[in-house]
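1. following is a predicted model, sequence given first.
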There are 4 protein chains.
Amino acid sequence: MGYQQILEEIYQETQQFSHIGEPASYIPELTKVDPNQYGICLKTMEGETFHIGDSNTPFAIQSIAKVFSLAMAFHLRGEKLWKRVGVEPSGSAFNSVIQLELERGIPRNPLINAGALVVADILLTELEYPEEQFLKFVQALCHTKDITYNESMAVSERENGFLNAAIANMLKYYGNIENDIERVLRFYFRQCSLTMNCEQLATAFLPFSDHTQPFQFEETKLTSSQVKRINAIMQTCGFYDEAGEFSFTVGLPGKSGVGGGIAAICPRRYSVAVWSPRLNKKGNSVMGMKALEMLTTKTEVSIF
Amino acid sequence: MGYQQILEEIYQETQQFSHIGEPASYIPELTKVDPNQYGICLKTMEGETFHIGDSNTPFAIQSIAKVFSLAMAFHLRGEKLWKRVGVEPSGSAFNSVIQLELERGIPRNPLINAGALVVADILLTELEYPEEQFLKFVQALCHTKDITYNESMAVSERENGFLNAAIANMLKYYGNIENDIERVLRFYFRQCSLTMNCEQLATAFLPFSDHTQPFQFEETKLTSSQVKRINAIMQTCGFYDEAGEFSFTVGLPGKSGVGGGIAAICPRRYSVAVWSPRLNKKGNSVMGMKALEMLTTKTEVSIF
Amino acid sequence: MGYQQILEEIYQETQQFSHIGEPASYIPELTKVDPNQYGICLKTMEGETFHIGDSNTPFAIQSIAKVFSLAMAFHLRGEKLWKRVGVEPSGSAFNSVIQLELERGIPRNPLINAGALVVADILLTELEYPEEQFLKFVQALCHTKDITYNESMAVSERENGFLNAAIANMLKYYGNIENDIERVLRFYFRQCSLTMNCEQLATAFLPFSDHTQPFQFEETKLTSSQVKRINAIMQTCGFYDEAGEFSFTVGLPGKSGVGGGIAAICPRRYSVAVWSPRLNKKGNSVMGMKALEMLTTKTEVSIF
Amino acid sequence: MGYQQILEEIYQETQQFSHIGEPASYIPELTKVDPNQYGICLKTMEGETFHIGDSNTPFAIQSIAKVFSLAMAFHLRGEKLWKRVGVEPSGSAFNSVIQLELERGIPRNPLINAGALVVADILLTELEYPEEQFLKFVQALCHTKDITYNESMAVSERENGFLNAAIANMLKYYGNIENDIERVLRFYFRQCSLTMNCEQLATAFLPFSDHTQPFQFEETKLTSSQVKRINAIMQTCGFYDEAGEFSFTVGLPGKSGVGGGIAAICPRRYSVAVWSPRLNKKGNSVMGMKALEMLTTKTEVSIF
């Protein structure tokens, strides 16, 4: 059975879940999105593209952006990166400050908010034009210039982002933020506001699925080993406190965002992006989780 | 390059780490073991066996036993198992009671002590002769009767196992232990005291590396999906608060024990067991971690 | 207005609260008690006694016993006692294990369960016949032999006391219990099972209200400074996570028990004991709290 | 023995501790203060004043200001105040965010930083000219206009106050701050920067020591019951995680600040202020604690 047929089956079979969950309500801009949209795009290493549903509708990738900023920071700092941020699953919600106090300002991993704030701080230190260079890197990954920040969303998120501001202040208190807190927060929220569609997201993740190919996009260059490491971090930390559940039911490295997007990869085979705004209680897309679970079941290929 | 040559290279190249770390000191019986022993055994799905060093010296598998008891309980309870124990990484040390209080008696996963105590309780409820049936299951996995409990170690661990007794009492308090606490603890420590060598351990893990083969040993029968799920749990939860580090540097599902053993699998390729008693600060074998890191580097095959 | 009249007014005015709250249900023996009983006894330093209601009905003093065991241990160990247990309020429920893990086995104060278990352990180490000597000390404080352990309650509590057993095991793990855990638990639960009435309790607390008099009962002898210190500990730690509320509304050092008793003292004036089995959500007697609040309001004397 | 003689004895006998501890280093302005200064002032309800040492040298009262802002907010909101902030001891350091996350944004009490930020927010909501009115209230308490904010200290503290900014953001996230965070922080740090000497501080605390007198200063009016409640809160919460120790060794309600000041009261007798910048590990003045301990020992009067 080909991938297109599989996507079609998944699309049909997941319809039963299409009204479960609610979109994120804490970000005003996100509440304006039609919650019933649903799209999937899968790209293989051989260069084929399969899609279904609203796969060309742009949405805010939110936390999925953390994978891109991690890639840049890993390139810039190499192994020294891990002095500022860990690689262990957090075992708690994406925004917990408890862990941060207990572990004195070293975030558990770069895919929780605290870790992504440290990564943003590193990019601000290392890059001359961080916002532009970050955007160019993502555009290069997607082979298109047609990707932009949603400035009004970024501003709106900053204005309501009290918990992230709390986290940034704690990191600064523990000496793990070098730049001005406000600048770090603004850059972080701009990253989250990146607007992409499923096809672009699948394109951007394809290079992560194949560590045998050179990874170089704009100035960002990763070794084969570094690509694998990013996979390993997505595998154990990509879904907040549902990382185990995702590893358990889907079995692929991936990253979700509160905009309802999930990007995942099947090493040496394909990348896939799903989008549907309704979230489960853990903040992950209901349809997205179901679709990926069916994908690895139907293809009979996961990392395990 | 063949596996035997790879093992030989690993064996040589890891010698530089042979005096780093100390064996576990909190279990009196473990302190009697010569800390400089070191063995590896790798078994392929095609039926080949490769080994080097002290691969036939028996040692206490300790927490590696948690994978076997999980397999039995998963067979016996199916999906209902997850009402009693979670599948998320713990994000903290193997023996933390804080998580247990915050989450009111539901252990994060079956590979931390609290979770394994719940699993032991389930086996006590479900099985007529739990100790005998557990041993028979492991013997069947290893194709040998030559595996026994180390009774004096089990008794000695129970007598000094205050933290595990604390955890068992908390589980009982929260209603997540059905049987007598003392019986649960005694059964748990007997499981940990199982004495095996690297070759037996590699044999026992081989069936977990291939979900395309029927998994049936004595009464315990797992579906292909269940085998994959056990892999997923090992991947995210198998190394206490070093699970991310292991996933990151090695990239294989596995489980370690404070006796210095590590068993891991490369899905659809091989199982491997390494043993060396000196531990790092997180309680995992120093040489074992290094050997497996080199193995996936040299074979250029990991799950990512 | 004399104390008798005040007690009568309090007795009348608190009737409106007489059906609020429920008796403790986790100790089977306590559920057998008629929840609508209510008594008060007040004793002045001048030797007068005032009482009303069920002030001569015996009940299990439960945690109030912690004050007596603290007095004995303080006599036996002096300032060295504070190496084993702190003097700070716990800021959390009486039975939290989180604090114990974070502070590595040193209980916050001697009036939470963990601290009282350490105190019990000290008495077991120091005394030849701890059960007998503890009982004799309390009998001496009350000027009567008519006080006994409720053995069946002690046994029943031990059998269901999983959380206390968890705490005792953690203390042992951290090296803060010297004796056999089971012996410590049995002794602790016997102390809690002491059966006294309000009059006896008020008599027993009178010596704590006056540090200007010599404190000597059987072998237990406290200096004036030590008596004041026990008052200070009752003031800040006597009511679990309602210590601030009690200090705030009542303004007297005191100690409550889940049997529904509260004993308190007004330094250099009187001791008072109230008993009513219905508890609020924090585990303190509803009527007892109200009665004492009215007492300091009507007498216009508190420590502040 | 009269108070003056007692102060002189204390002054002599505490000299042996004069080089123990270090002044607070995290506030740049505080490091400029000569650490060897030491003064005491005691004022009786009868109107006498006793002092010794550097009792007329102004210093930053820091957290002692929390008592004044609490008094104003209690006047303005009455019992409703306790919906926004608790009255229980915190059982942890003055700046912990863990409690705040666990208890979802309700600070444990008004004398820890989180609670004082909520109090500052209430004053900003209720008062037309909060900074001016707060200053006037304190000036009225001291019977002098000679008290001002140290603006450069307030600014410097704000610029380095990352942890307090983290706390303020968390409070806002949980909906427990109504005003602009930056405004709350600036007001809070201005309060802390108030510069007073021991004599002024003793004068300002005298009205809290006597609940039988009307408490009215500028618009702030407290009932006798409210004054007692503030005493009760100081007693249980005034010394961060050393509240029990202070209650235990000194036995008076009081409040300390990292500037090295401590103000305390002996109900219906006197108020006292001590200042010496060297702090112990808990952030309380070494000499201040010793001096007050000796004071209650030598006068043989404490609340117990």
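-> That came through fine. Residues are numbered from 1 along each chain as shown, chains lettered A, B, ... in the order given.
2. for the residue nearest the centre of chain A, which non-adjacent residue is closest in space?
-> By Cα atoms, centre = their mean, the mean C-alpha position of chain A lies nearest to A:Ile64, the distance being 1.5 Å. Nearest non-adjacent residue to A:Ile64, counting by Cβ to Cβ, 6 or more residues apart in numbering or on different chains: A:Gly257, 4.4 Å away. In this view, the C-beta of every residue, glycine as well, is placed from N, C-alpha and C.
3. got it, and A:Ala273?
-> Among residues not flanking A:Ala273 along the chain, A:Leu201 sits closest, at 3.6 Å (Cβ to Cβ, 6+ apart).
4. do you know the pLDDT at the one you found?
-> For A:Leu201, the model assigns a pLDDT of 98.
5. mind listing what it touches?
-> A:41, A:61, A:64, A:142, A:261, A:263, A:273, A:275 (Cβ atoms under 8 Å, 6 or more residues apart in numbering or on different chains).
6. quote the end-to-end distance of stretch A:170-183.
-> 15 Å (Cα to Cα, to the nearest Å).
7. I'd say A:Arg269 and A:Thr212 touch.
-> No: using Cβ atoms under 8 Å, A:Arg269 makes no contact with A:Thr212, being 12.0 Å away.
8. all helices of the stretch 101-250 of chain A, in order?
-> Applying DSSP state H, counting those that start in this stretch to the stretch 101-250 of chain A gives helices spanning A:113-126, A:130-142, A:151-160, A:162-173, A:181-192, A:198-205, A:224-237, A:243-249.
9. need the least confident one among these, by mean pLDDT.
-> Across the helices of the stretch 101-250 of chain A, helix A:243-249 gives the lowest mean pLDDT, at a mean of 83.
10. which one's more surrounded, A:Arg269 and A:Thr212?
-> Taking other Cβ atoms under 10 Å in any protein chain shown, A:Arg269 and A:Thr212 do not tie; A:Arg269 has more neighbours (17 against 10).
11. from chain D, how far out is the more buried one?
-> To chain D, A:Arg269 is 41 Å away according to Cβ to the nearest Cβ, to the nearest Å.
12. same question for A:Thr44.
-> 43 Å.
13. quick one: is the least confident helix or strand in chain A by mean pLDDT near chain B?
-> Within chain A, no helix or strand scores below helix A:98-102, which has a mean of 78 by mean pLDDT, DSSP states H and E. Yes: shown here: helix A:98-102 in contact with chain B (Cβ under 8 Å from any Cβ of the partner chain) through A:Gln99.
14. in that helix, what counts as buried?
-> By 16 or more other Cβ atoms under 10 Å in any protein chain shown, the buried positions in helix A:98-102 come out as A:98-101.
15. make JSON lines out of those and add distance to C:Glu88.
-> Below are the buried residues of helix A:98-102 laid out as JSON lines (distance: Cβ to Cβ, whole Å):
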{"residue": "A:Ile98", "distance to C:Glu88": "21"}
{"residue": "A:Gln99", "distance to C:Glu88": "24"}
{"residue": "A:Leu100", "distance to C:Glu88": "24"}
{"residue": "A:Glu101", "distance to C:Glu88": "19"}
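16. mind listing what's buried in the strand or helix carrying A:Leu295?
-> Using DSSP states H and E, A:Leu295 sits within helix A:286-299. By neighbour count on 16+ other Cβ under 10 Å, the buried set for helix A:286-299 is A:286-298.
17. and A:Phe94, what pLDDT?
-> Predicted confidence (pLDDT) for A:Phe94: 47.
18. on that earlier part again, B:Thr57: which of the helices of the stretch 101-250 of chain A is closest?
-> When the helices of the stretch 101-250 of chain A are compared by Cβ to Cβ, helix A:224-237 sits nearest B:Thr57, at 31.5 Å.
19. and the angle from that closest one to helix B:286-299?
-> With axes from the mean of the first three to the mean of the last three Cα atoms, to 10 degrees applied, the angle from helix A:224-237 to helix B:286-299 works out at 120 degrees.
20. just the closest of the buried residues of helix A:286-299 to chain C, please.
-> Chain C has its nearest neighbour among those in A:Met289, at 31.9 Å by Cβ to the nearest Cβ.
21. which strands or helices does the helix or strand containing A:Ala263 pack on?
-> In the assignment (DSSP H and E), A:Ala263 maps to strand A:261-266. Applying 3 or more Cβ pairs under 8 Å, 6 or more residues apart in numbering or on different chains; DSSP states H and E, we find strand A:261-266 packed against helix A:198-205, helix A:224-237, strand A:254-256, strand A:270-275, helix A:286-299.
22. mean confidence for the fourth one?
-> Confidence over strand A:270-275, taken as the mean pLDDT, stands at 98.
23. how far out from the middle of the chain is that strand?
-> Centroid displacement of strand A:270-275 relative to its chain, using Cα atoms, centre = their mean, to the nearest Å, is 11 Å.
24. go on, the third one?
-> The offset between the C-alpha centroid of strand A:254-256 and the centroid of the whole chain comes to 5 Å, using Cα atoms, centre = their mean.
25. what does chain A put close to chain B?
-> Within reach of chain B by Cβ under 8 Å from any Cβ, chain A has these residues: A:86-92, A:99, A:108-109, A:211, A:225, A:228-229, A:231-233, A:235-237, A:241-245, A:247-248, A:251, A:253, A:267, A:297, A:302-304.
26. only the buried subset of these, as a PyMOL command please.
-> For the buried members of the residues of chain A next to chain B, the matching PyMOL selection, counting by 16+ other Cβ under 10 Å, is:
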select buried, chain A and resi 86+87+88+89+90+91+92+99+108+109+211+228+229+231+232+233+235+236+237+241+242+243+244+245+247+248+251+253+267+297+302+303+304
